[in-house]
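Participant: When you get a sec, could you give me coordinates for this:
(4 chains)
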Amino acid sequence: MDLYEFQGKELFRRFGIPVSEGRLATTPEEARQGAQELDGPVVVKAQVLAGGRGKAGGIKLAATPAEAEERAREILGMDIRGLAVQKVWIERASEIEREYYLSISFDRGAKKTLLMFTTQGGIDIEEVAVSSPEALARLHVDPLEGYHAWHGRRLVYEAGLEDPGEQKQVVKIVGQLHAAFTGCEAMLCEINPLIVTTEGEVRALDSKFTVDDNALFRLPEIASMRDLAAADPLEALAREKGVTYVKLDGEVGVLGNGAGLSMATVDVVTFVGGRPANFCDLGGGGDAQGVVDALEVITGDPQVRSIFFNIFGGITRCDEVARGILQALGQLETRHPMVVRLDGTNAEEGRRILRDAAPPNLYVEPTMLDAARRAVELAA
Amino acid sequence: MDLYEFQGKELFRRFGIPVSEGRLATTPEEARQGAQELDGPVVVKAQVLAGGRGKAGGIKLAATPAEAEERAREILGMDIRGLAVQKVWIERASEIEREYYLSISFDRGAKKTLLMFTTQGGIDIEEVAVSSPEALARLHVDPLEGYHAWHGRRLVYEAGLEDPGEQKQVVKIVGQLHAAFTGCEAMLCEINPLIVTTEGEVRALDSKFTVDDNALFRLPEIASMRDLAAADPLEALAREKGVTYVKLDGEVGVLGNGAGLSMATVDVVTFVGGRPANFCDLGGGGDAQGVVDALEVITGDPQVRSIFFNIFGGITRCDEVARGILQALGQLETRHPMVVRLDGTNAEEGRRILRDAAPPNLYVEPTMLDAARRAVELAA
Amino acid sequence: MAILVDRSTRLVVQGLTGSEGRFHGLRNRSHGTDVVAGVTPGKGGQDVDGIPVFDTVAAAVEETEANTAMVFVPAPFAADAIYEAIDAGVGPIVCITEGVPAHEMLHIHAYVHVRGVAMIGPNCPGVLSPGKANVGIIPAEIFREGSVGLVSRSGTLTYQIGHELAQLGLGNSTIVGIGGDPVVGSSFVDVLARFESDPQTEQVVLIGEIGGEEEEKAAAFIESEMTKPVVAYIAGFTAPPGKTMGHAGAIISGSAGTAQAKKEALEARGVKVGTTPTETAELVAALVRA
Amino acid sequence: MAILVDRSTRLVVQGLTGSEGRFHGLRNRSHGTDVVAGVTPGKGGQDVDGIPVFDTVAAAVEETEANTAMVFVPAPFAADAIYEAIDAGVGPIVCITEGVPAHEMLHIHAYVHVRGVAMIGPNCPGVLSPGKANVGIIPAEIFREGSVGLVSRSGTLTYQIGHELAQLGLGNSTIVGIGGDPVVGSSFVDVLARFESDPQTEQVVLIGEIGGEEEEKAAAFIESEMTKPVVAYIAGFTAPPGKTMGHAGAIISGSAGTAQAKKEALEARGVKVGTTPTETAELVAALVRA
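Facilitator: Alright, predicted model coming up:
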């Protein structure tokens, strides 16, 4: 689960990391009010769960409350990478002397926590990694050792940070960020930029914070930070229904059982020249209610023209799945053409059941490839 | 550092372990007041850093505040294993159904934390270990794994605790006690007895809590619990002077440099038929101020009749040590006969310096054994 | 032979008294697996269709000499169950549970390695050695005994490919579902190393998907350490970056973890990569017939 | 030969710029130890009498190929320094610092073992291989090179016995002060095993004291694993229970850890135990002459 900048900064603050004072606003009027309270120049920052805010014009300086209101009016409602800006963060403007980069992430390859720091902040870290790898200090934390102060020191010295006052502050922040990373069971905590002010104070000017969804059951406060309104409406509906769904950009709705098989289905649709409308995983089984919920989400997408239903019967037998599908179709009023491929245990029987019932918009195909071709054809 | 029962229980309480409500009292009047506040039958318990309180009559029941005052009057000032009782803990009396035993200790042999639990509580655990080892569940916590809930469950099931309600409470308390053990950097946390009340509630009725002295620098609150007044006055003086000193029961004062050598010196005095008055370790060196402080502590013991000064010159050369001794003797007015053995680097030169100065009460011997014999002779 | 589970497997099911634990535990037994014990704290002394239940794994091991554990307890308690199994001296440990927090798995992964315990999962379908033992939820009836080792991050996709192999007359030595989480107990490389030294296994199919870099590591391992031929399939060519595709581990982060990169890494090391499950099965069949 | 430190030792001193670190670091160098680097965060680029100082152990290793660390930093920071040395790939690590909290050492002890790093101390005088290298605070001038391995929980008592050996014309292969804390990086058994396989060492002296059960474990090890003769000395026969005798580890808890029990355990395994340092040295001399 990704957090907004203002949410990540609130967590930073709790772990002692210096952040600028700010106010959240959902209307231009609130923005003016916030700027008034902060009493001085502010920055108005779009709160969206997408990168590239700055380039999209989602971050603007305002010298007065009136200006803050004006800037907020420009930013609120703006579309940034397909997401509408619904909130802005009004923050006291900083006098920036230098910009650094600090992150802690979950390194799946090494199976360790990865610390990264560079004095070349403010820009895309992947660029720094390519253009000047020697400037990027990288250090792992062994899970059996845990974090110690030397990790922070080594990171800072290896990145070539020279000012002793800054060294001390950054080492402390690394420790605090690590505490936030483990305490909030994060997959990523990134500060870019980590600024040095003209007074020599080191402070987090942005926050990128991703929390492990699997840990949310014991982090109720963070779980409650989820902003359903901000997500794609179909994805929000899917979450509500407990359906695993990712919106894509095509016309062929895809429904599979199991994440791997569903991904493979999306691939096959693409390989035969179609454009998948979504990824949707029914899970291991295929009971009627699950099918109903998934179809409801998939058909909620106006782009969808046909649906490819790809099921492999393992523990759940294909005859049972076929009956589930018929039952689900009985409960739903969908006129989309649907192509069903059933394979695995009792596949013959399952196909027979579907053919016998023969709903007008249902096509049964024997293989994934045949079914994909048919579904693409029907979407054309 | 050992904590009093009431201090240990305060720490237990902070970690969520159920304890009975109580009041500390240093006078019989305070005891009455405490009992009044607790409003009901109480137990008056001597607070001393020594075992065997119960057998010594240091724990008494009182039905009314007046009785509590009376019992406190009997207990305060009582001598328990050489320690005068200066405080009593007035605690709400418990209806005890059963008594269990639970402890977490630092197992030096295994180099792991050791959990122990038995339903045969209230008695000496070493007896249970001998008489019915099968009733004593023992389980280690691997430092790289850390504590998990299964440790508590296994402990409880292996000890044969059968009531599900008690199982649940004890498992929880094991986890809380482990948190206290690590959070307070303890060497021992013992609850004996861990009682089950007639209402089925599991609660700590006593506490034995030892904290690692080396960790006190970062546990200021626990460090401040040290009760200097309760210690042997000479040991308190030694602590104040920064001298490593343990009071023994004989007449030959012993002073060595290094813990091992000082222990060996005490042993040798015993082997040649003497009785050491103390163990005292000057540390690695032998500077004049250290010698002055140590002699001050040693001669504070009225039993001391002679002093054995056993020095091995390593990095500090014996000639330097000899000068330090003379300087110290100049600052002190002690008429005790002192036997000095100097060995190691520049020993000859050191002995010559001492012989040349020849204070009337100073004897120089070439070997540990000769010196021990002479010191014992002089103490006779 | 086969790997990880076979006729010497004596299985203890942690969470046997739950509905899923019971269903799959009994199913595993009906496939011939020696399911010797269950563990559910507080239910010691009961039994599940004749399988004795214990309060602790240690007691189960002492009474039944269990040597393999299957973890079926809910995610919040799964890590605890895994540590309990490790300390009771059991291994392999197969964790089916989905949703184990990643930070817990980070520590468990490091810890099982220093303790020398084989662990499979979490969020995996388990391990099946057809005709010998089944530990997990893989539907054994669609697989046949044979020479093809199969290792996969995905469940139904594995069944699909195993089914297609069976249609072509091919069977498997062992099918290992390593799980779809970001950190799992055994990686592709761990399992490939076992297949390489297993006499029954003659060919290997690797079923990967987007996310992480385990396929790339497997490619390097195949080139430098393996003599047996490997065929691969990768799912997720059309997955968009930054979206979790069902499995917590199936996510492209920045430019890392794409199916294309994995395919290229494998092909650069001489591994044939099928574009569909059917083609993948056919590539294996060609190998076996060669 | 000798053990742990020798002519191949390249020493980095953590805390070289402190007064004790400097004093002993230079002293070690004057004995011939190859002291290649110091580490003090924030003092990188300085030097101590020509020895370059670095901000991190990693930088010291990269620049100087240091392979052994001596930790001289204050107790609150010692554990951090030890972990830093481990992760920089340095070992052995010799920690002189007194007062390292026991819980930290519990974890470090377990961790160095899984990482395969030899650690000596804390609260120890260090390791001296006379004529080759000295890492720590042992006064090298009172020892001679020879065949007797010496391992001890105590400092000055070690010097005393080493001195008496020298008076009798005997020298040492290596003197190892393992430290007086409840948990130290290397136990008697760890060091005895090294002496057993060291060609230079022909006899071993073990200097124990009250507390713990390392002497008892050593006795069992000597009986089952050692071919070289061992003589022992135990300090603390007259120590009262429950009192810490100088060393944090020197404490009799209940009936465990008494000198008498240790003496009996050793003698039951055929180890001669001297009653005084002098007698102990004489027992060794008799062995050497035999």
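Participant: Can you say which helix or strand has residue A:196 in it?
Facilitator: Secondary structure assignment for residue A:196, by DSSP states H and E: strand A:186-197.
Participant: and the next helix or strand after that strand, how far out from the chain's middle?
Facilitator: Next helix or strand after strand A:186-197 toward the C-terminus (DSSP H and E): strand A:202-204. Put simply, strand A:202-204 sits 25 Å off its chain's centre (Cα atoms, centre = their mean, to the nearest Å).
Participant: cool, stretch C:28-38 as well?
Facilitator: The chain centroid and the centroid of stretch C:28-38 are separated by 17 Å under Cα atoms, centre = their mean.
Participant: Burial check on residue C:215, number of neighbours?
Facilitator: For residue C:215, the tally of surrounding residues (other Cβ atoms under 10 Å in any protein chain shown) stands at 27. For the C-beta atoms, the positions are set from N, CA and C on the backbone; glycine is no exception.
Participant: what comes into contact with the host helix or strand of residue A:325?
Facilitator: Assigned by DSSP H and E, residue A:325 belongs to helix A:318-331. Applying Cβ atoms under 8 Å, 6 or more residues apart in numbering or on different chains, the external contacts of helix A:318-331 come out as A:286-292, A:295, A:309, A:311, A:313, A:338, A:340, A:342-347, A:349-351, A:353-354, A:357, A:359, A:362.
Participant: Residue ranges in the stretch 101-250 of chain A under the pLDDT threshold?
Facilitator: Applying pLDDT under 70 to the stretch 101-250 of chain A flags the ranges A:230-231.
Participant: Within range of chain D, give me the residues from it.
Facilitator: Counting by Cβ under 8 Å from any Cβ of the partner chain, the positions of the stretch 101-250 of chain A adjacent to chain D are A:142, A:144-145, A:148-150, A:153-154, A:157-158, A:164, A:167.
Participant: In helices only, show me the contacts of helix A:318-331.
Facilitator: A:288-292, A:295, A:347, A:349-351, A:353-354, A:357 (DSSP state H).
Participant: what about the residue of the stretch 151-300 of chain A found nearest chain C, neighbour count?
Facilitator: Taking Cβ to the nearest Cβ, chain C has its nearest neighbour within the stretch 151-300 of chain A at residue A:260, 2.3 Å off. The local packing of residue A:260 (other Cβ under 10 Å) involves 33 other residues.
Participant: and the gap between it and residue D:189?
Facilitator: 51 Å (Cβ to Cβ, to the nearest Å).
Participant: cool, residue C:159 as well?
Facilitator: Taken as Cβ to Cβ, the span from residue C:159 to residue D:189 is 53 Å.
Participant: With neighbour numbers in mind, choose between these two.
Facilitator: Between residue C:159 and residue D:189, counted using other Cβ under 10 Å, the more crowded position is residue C:159 (31 against 17).
Participant: Kindly state the domain boundaries assigned to the chain.
Facilitator: No chain was given, so I picked chain A. Here the domain assignment for chain A is A:21-92, A:96-223, A:232-379, based on automatic domain parsing.
Participant: my bad, the chain I had in mind was chain C
Facilitator: C:10-120, C:143-289.
Participant: Which one of those domains lies nearest to chain B?
Facilitator: When those are compared by Cβ to the nearest Cβ, domain C:10-120 sits nearest chain B, at 3.7 Å.
Participant: now do the same end-to-end measure for that closest one.
Facilitator: 16 Å (Cα to Cα, to the nearest Å).
Participant: ok now it, how far from the chain's centre?
Facilitator: So, by Cα atoms, centre = their mean, the centroid of domain C:10-120 is 15 Å from its chain's centroid.
Participant: Would you state the helices of chain C in chain order?
Facilitator: Counting by DSSP H, the helices of chain C are C:19-30, C:57-64, C:75-87, C:102-115, C:156-167, C:188-196, C:214-225, C:259-268, C:277-289.
Participant: give me the number of residues near the closest residue in space to residue A:232 that isn't next to it in sequence?
Facilitator: Spatial nearest neighbour of residue A:232, excluding adjacent residues (Cβ to Cβ, 6 or more residues apart in numbering or on different chains): residue A:247 at 5.3 Å. When neighbours are counted by other Cβ under 10 Å, residue A:247 registers 22.
Participant: picking up where we left off before, from the contacts of helix A:318-331, list just the buried residues.
Facilitator: A:286-288, A:290-292, A:295, A:309, A:311, A:313, A:338, A:340, A:342-347, A:349-351, A:353-354, A:362 (16 or more other Cβ atoms under 10 Å in any protein chain shown).
Participant: out of those residues, who's near chain C?
Facilitator: Taking Cβ under 8 Å from any Cβ as the test, chain C is in contact with A:343-345 out of the buried ones among the contacts of helix A:318-331.
Participant: Tell me which of those fall in strands.
Facilitator: Counting by DSSP state E, these place A:343-344 in strands.
Participant: Among the ones next to chain C among the buried ones among the contacts of helix A:318-331, pick out the one closest to chain D, please.
Facilitator: residue A:344 (44.5 Å).
Participant: Quick check: the closest one vs residue C:234, distance?
Facilitator: Following Cβ to Cβ, the distance that separates residue A:344 from residue C:234 is 21 Å.
Participant: Alpha carbons of the helix ranked longest in chain A, in PDB - could you do that?
Facilitator: As assigned by DSSP H, the longest helix anywhere in chain A is helix A:164-183. In PDB, the C-alpha atoms belonging to helix A:164-183 read as follows (Å, rounded to 0.1, in the frame of the first residue of the first chain):
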ATOM      1  CA  PRO A 164      30.700  16.900  10.100                       C
ATOM      2  CA  GLY A 165      27.400  18.500  11.100                       C
ATOM      3  CA  GLU A 166      25.600  17.100   8.200                       C
ATOM      4  CA  GLN A 167      27.200  13.700   8.700                       C
ATOM      5  CA  LYS A 168      25.900  13.600  12.200                       C
ATOM      6  CA  GLN A 169      22.400  14.600  11.200                       C
ATOM      7  CA  VAL A 170      22.200  12.200   8.300                       C
ATOM      8  CA  VAL A 171      23.500   9.200  10.300                       C
ATOM      9  CA  LYS A 172      20.800   9.900  12.900                       C
ATOM     10  CA  ILE A 173      18.100  10.200  10.200                       C
ATOM     11  CA  VAL A 174      19.300   6.900   8.600                       C
ATOM     12  CA  GLY A 175      18.700   5.200  12.000                       C
ATOM     13  CA  GLN A 176      15.300   6.800  12.400                       C
ATOM     14  CA  LEU A 177      14.300   5.900   8.800                       C
ATOM     15  CA  HIS A 178      15.300   2.300   9.500                       C
ATOM     16  CA  ALA A 179      13.200   2.300  12.600                       C
ATOM     17  CA  ALA A 180      10.200   3.600  10.500                       C
ATOM     18  CA  PHE A 181      10.900   1.000   7.900                       C
ATOM     19  CA  THR A 182      10.800  -1.900  10.300                       C
ATOM     20  CA  GLY A 183       8.200  -0.400  12.700                       C
END
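Participant: can you give me the strands in the stretch 1-150 of chain A?
Facilitator: A:2-3, A:22-25, A:42-46, A:59-62, A:79-80, A:83-84, A:88-92, A:96-107, A:112-118, A:136-141 (DSSP state E, counting those that start in this stretch).
Participant: which of the ones you listed is buried the deepest?
Facilitator: Mean neighbours per residue, mean count of other Cβ atoms under 10 Å in any protein chain shown, is largest over the strands of the stretch 1-150 of chain A for strand A:42-46, with a mean of 27.
Participant: got the contact list for it?
Facilitator: A:5, A:22, A:31, A:34-35, A:53, A:56, A:58-62, A:68, A:71-72, A:75, A:78, A:80, A:85, A:87-94.
Participant: Between strand A:88-92 and that strand, find me the angle.
Facilitator: 160 degrees (axes from the mean of the first three to the mean of the last three Cα atoms, to 10 degrees).
Participant: Alpha carbons only: can I get strand A:42-46 in CSV?
Facilitator: Only the C-alpha atoms of strand A:42-46 are listed here, as CSV (Å, rounded to 0.1, in the frame of the first residue of the first chain):
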residue,chain,number,x,y,z
VAL,A,42,4.5,28.0,1.3
VAL,A,43,4.7,25.3,-1.3
VAL,A,44,1.4,23.8,-2.6
LYS,A,45,2.0,20.2,-3.5
ALA,A,46,-0.5,17.8,-5.2
